[in-house]
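J.: Please work out how this folds:
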Amino acid sequence: MSRFEPVIGLEVHAQLKTRSKLFCSCPTDFGKRPNANTCPVCAGMPGALPVVNRKAVEYAVKLALAVQCSINRQSVFARKNYFYPDLPKGYQISQYEEPLAENGRLNIISGESDNSIGITRIHMEDDAGKSMHSSLENQSYVDLNRTGVPLIEIVSEPDIRSPEEAVAYLRGLRSILIYLGICEANMEEGNFRCDANVSLRPVGQDPFGTRTELKNMNSFRHVQKALEFEIRRQEDLLLDGQAVVQETRLFDETRGLTKSMRGKEEAHDYRYFPDPDLVSIKLAEDDIRQWEADLPELPRTKMERFQRQYSLPEYDAAILTAERDLADYFEETIKLGPSSPKTVSNWIMTDVLRELRDKNISLSGSGFGPSRFASLLKLIDSGKISPKTGKQIFPELFAKGLDPEEYVEEKGFVQISDDRELNRIVEEVLTENPNELKAYKEGKTKLMSFFMGQVMKKTKGQANPKLVTEKLKEVLK
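T.: Predicted coordinates:
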């Protein structure tokens with residue numbers, strides 16, 4: 001057991017899903033040609049005055065309400081001064097002393113633990129541009145399309161004690177953002193980004209150790225790997241009697257390690273001061289009440305309801321409610337009446353999620369909606385097709401968005417469940433195999449599977465196996 005305890009705090013930047021930027025009317029479309037989505041305001045031209053995007057404020061308040069923050073009725077934009085080539089104003093517009101919201105909490109499940117992680121603050125800021133470097137041309141380029149895109153920064157308390165808890169926190173926060181419909185929350189595309197502050201302290205000690213900041217983590221897996229490496233690195237230093245240096249480190253995903261980038265900045269390094277071009281945000285009580293009333297049922301509440309209402313295990317409920325589309329897909333299928341909730345859950349967690357993953361598509365892009373999914377499950381419930389056949393045809397049905405009833409009729413997959421027909425086939429099989437019949441009656445009951453196989457052979461696998469078994473047992477008793 002380690003002598004040291006990790007202390008982790010996360011700073012998450014989430015890009016708000018508004019149509020225009022935070023302080024100007026330029027679009028936020030992703031993938032446009034470089035510098036197409038710019039104007040004098042976001043390009044930092046002298047004399048251009050910013051105006052705050054009301055929708056961005058609404059989205060930020062909704063997240064703050066969802067994670068139980070106290071909403072500050074007045075908040076102030078500040079200039080965060082630093083120089084990067086892709087920061088045309090020479091400063092970032094953020095919030096410092098008077099943020100939008102403070103003192104929230106996010107409940108997470110990590111392994112066997114159910115913990116509550118504190119949220120220090122949520123504030124708004126605009127994004128920087130993007131620098132691109134070409135070693136072949138020995139030149140660098142700047143794309144300002146992303147400059148001014150609205151962000152919210154969610155700063156956690158240093159309450160996280162393991163890489164697994166960090167990932168659970170990020171997944172929980174991401175789910176809330178998606179449920180609210182305010183962020184795409186895709187780490188690989190950069191609209192959900194995470195920096196981590198990591199330190200170690202001897203077990204049982206209250207004061208924190210010297211922390212490092214980790215950057216360049218663009219997936220949950222990379223967050224976990226970076227934290228695991230950094231914890232090992234700091235522990236090795238401390239065990240060798242060396243000091244941990246406060247610095248910013250980058251995660252090298254290829255080599256699976258962190259490496260020094262620069263000394264860690266403190267708040268005073270940025271020389272924060274209120275932005276003279278922007279008035280403070282003053283929130284009306286009516287707006288806050290309306291935004292709170294607009295909040296959907298959130299993931300944790302929905303997960304607990306799924307456990308109660310549908311008698312699902314916690315594991316199933318957690319997976320089904322992680323994404324709002326998936327939870328809606330499950331409930332809409334249930335409303336159409338097929339199978340038990342557990343059966344629907346099993347199909348979604350195995351077959352549906354497998355197809356989404358393999359084809360790299362979303363539920364909305366699949367074309368196989370709840371009505372068709374329910375139709376397939378009803379065909380199995382009614383005995384019209386076997387569960388095995390259902391599993392075999394599902395990938396094609398899902399990929400092409402086909403109607404299950406039409407498909408099984410057209411392909412001849414309908415099971416034979418007619419009593420007279422099955423009786424005739426069973427009698428025929430027994431008549432054609434007198435030696436096996438005699439052996440069975442003399443005690444070789446394992447021959448039941450032989451007779452079953454013969455019936456399925458005659459019907460080309462389309463006999464209802466449950467009914468065939470019942471009829472064989474009745475005839476052979």
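J.: Okay, now the unreliable bits of the chain?
T.: 1, 264-268, 415-419, 421-422, 461, 468 (pLDDT under 70).
J.: what about the longest strand along it, distance to the chain center?
T.: Taking DSSP state E as the criterion, the chain has its longest strand at strand 113-126. With Cα atoms, centre = their mean, to the nearest Å as the basis, strand 113-126 stands 17 Å off its chain's centre.
J.: Would you mark the buried spots in the very next helix or strand once past it?
T.: As assigned by DSSP states H and E, the chain's next helix or strand after strand 113-126 is strand 130-134. The neighbour-count check on strand 130-134 (16 or more other Cβ atoms under 10 Å) flags nothing as buried. Bear in mind the C-beta positions are built from the backbone N, C-alpha and C, glycine included.
J.: circling back: ok, the longest strand of the chain: who's next to it in the sheet?
T.: Using DSSP bridges, the strands paired with strand 113-126 are strand 101-110 (antiparallel), strand 150-156 (antiparallel).
J.: so which of those gets nearest Arg171?
T.: Smallest distance to Arg171 across those (Cβ to Cβ): 8.0 Å, for strand 101-110.
J.: Mind listing residues that contact the closest one?
T.: By Cβ atoms under 8 Å, 6 or more residues apart in numbering, the residues outside strand 101-110 that reach it are 60-61, 64, 67-72, 114-123, 156, 162, 164-165, 167-169, 172-173, 176, 300, 314, 318.
J.: try 7 Å
T.: For strand 101-110, the external contacting residues (Cβ atoms under 7 Å, 6 or more residues apart in numbering) are 64, 67-72, 114-122, 164-165, 168-169, 172-173, 300, 318.
J.: Tell me where the stretch 351-477 of the chain has strands.
T.: Read by DSSP state E, counting those that start in this stretch, the stretch 351-477 of the chain holds no strands at all.
J.: Please read the previous query as pertaining to the stretch 201-350 of the chain.
T.: Counting by DSSP E, counting those that start in this stretch, the strands of the stretch 201-350 of the chain are 212-217, 247-252, 257-263, 273-274, 281-282.
J.: what angle do the second one and strand 257-263 make?
T.: Taking axes from the mean of the first three to the mean of the last three Cα atoms, to 10 degrees, one finds strand 247-252 and strand 257-263 inclined to each other by 140 degrees.
J.: ok, and for strand 247-252, which residues are buried?
T.: For strand 247-252, by 16+ other Cβ under 10 Å, it's 248-251.
J.: Adjacent strands (with direction) for that strand?
T.: Strand 247-252 has these strand partners (DSSP bridges): strand 212-217 (parallel), strand 257-263 (antiparallel).
J.: tell me the most buried of those?
T.: Mean neighbour count (mean count of other Cβ atoms under 10 Å) peaks for strand 212-217 among the strands paired with strand 247-252, with a mean of 21.
J.: quick one: contacts for Lys215?
T.: Neighbour list for Lys215: 195, 248, 250, 261 [criterion: Cβ under 7 Å, 6+ apart].
J.: Please repeat the previous calculation with a cut-off of 6 Å.
T.: 195, 250 (Cβ atoms under 6 Å, 6 or more residues apart in numbering).
J.: next one: Ile160
T.: Neighbour list for Ile160: 8, 166 [criterion: Cβ under 6 Å, 6+ apart].
J.: Show me what it is bridged to.
T.: In this entry, Ile160 is beta-bridged to Ile8, by DSSP bridges.
J.: Relative to Asn360, how far out is it?
T.: 30 Å (Cβ to Cβ, to the nearest Å).
J.: and Ser20, which of the strands of the stretch 201-350 of the chain is closest to it?
T.: Smallest distance to Ser20 across these (Cβ to Cβ): 17.1 Å, for strand 281-282.
J.: Would you mind giving the domain segments of this protein?
T.: As assigned by automatic domain parsing, the chain contains the domains 4-290, 297-411, 419-476.
J.: Buried residues, the longest strand of the chain. List them.
T.: Neighbour count says strand 113-126 has 117-126 buried, by 16+ other Cβ under 10 Å.
J.: all strands of the stretch 1-150 of the chain, in order?
T.: Ranges of strands within the stretch 1-150 of the chain are 4-15, 70-71, 74-75, 77-81, 91-95, 101-110, 113-126, 130-134, 139-143, 150-156, based on DSSP E, counting those that start in this stretch.
J.: what angle separates the first one from strand 113-126?
T.: With the same axes, to 10 degrees defining the directions, strand 4-15 sits at 40 degrees from strand 113-126.
J.: can you check the fifth one too?
T.: For strand 91-95 and strand 113-126, the angle between their directions (the same axes, to 10 degrees) works out to 130 degrees.
J.: part of a strand, is Gly190?
T.: No - counting by DSSP: H, G, I helix; E, B strand; the rest coil, Gly190 is not found in a strand; it is coil.
J.: What separation do you get for Leu467 and Leu376?
T.: Distance from Leu467 to Leu376, by Cβ to Cβ: 20 Å.
J.: Quick check on those two: which one has the bigger neighbour count.
T.: Leu376 (27 against 18; other Cβ atoms under 10 Å).
J.: My read is that that one contacts Glu406, right?
T.: No - using Cβ atoms under 6 Å, Leu376 is not in contact with Glu406, being 11.5 Å away.
J.: follow-up on the earlier one: tell me which of the strands of the stretch 1-150 of the chain sits nearest to Asn191.
T.: strand 4-15 (3.7 Å).
J.: Might you calculate how far that closest one sits from the centre of the chain?
T.: The answer for strand 4-15 is 18 Å, by Cα atoms, centre = their mean.
J.: hmm, who's touching it?
T.: The contact list for strand 4-15 (Cβ under 6 Å, 6+ apart) reads 149, 151-156, 158, 160-161, 166, 177, 183, 191-201, 203, 208, 231, 235.
J.: do the same with stretch 46-65
T.: Under the criterion Cβ under 6 Å, 6+ apart, residues 16, 18, 22-23, 40-41, 71, 100-101, 122, 124, 150, 152, 180, 182, 277-278, 291-292 lie in contact with stretch 46-65.
J.: go with 7 Å
T.: Contact with stretch 46-65 is made by 16, 18, 20-24, 40-41, 71, 93, 100-101, 104, 122, 124, 150, 152, 176-177, 180, 182, 277-278, 281, 283, 288, 291-292, 295, as judged by Cβ under 7 Å, 6+ apart.
J.: repeat for stretch 378-394
T.: 338-339, 351, 376, 404-405, 407-408, 413-415, 417, 464-465.
J.: Now list the buried members of those residues.
T.: The neighbour count (16+ other Cβ under 10 Å) marks 338-339, 351, 376, 404-405, 407-408, 413-415, 417, 464-465 as buried among the contacts of stretch 378-394.
J.: ok so, going back, what's the farthest-apart pair in the contacts of stretch 378-394?
T.: Farthest-apart pair in these is Asp351 and Ser417; separation 23.8 Å (Cβ to Cβ).
J.: Return the residues in contact with Lys225.
T.: So Lys225 contacts Gly256 (Cβ under 7 Å, 6+ apart).
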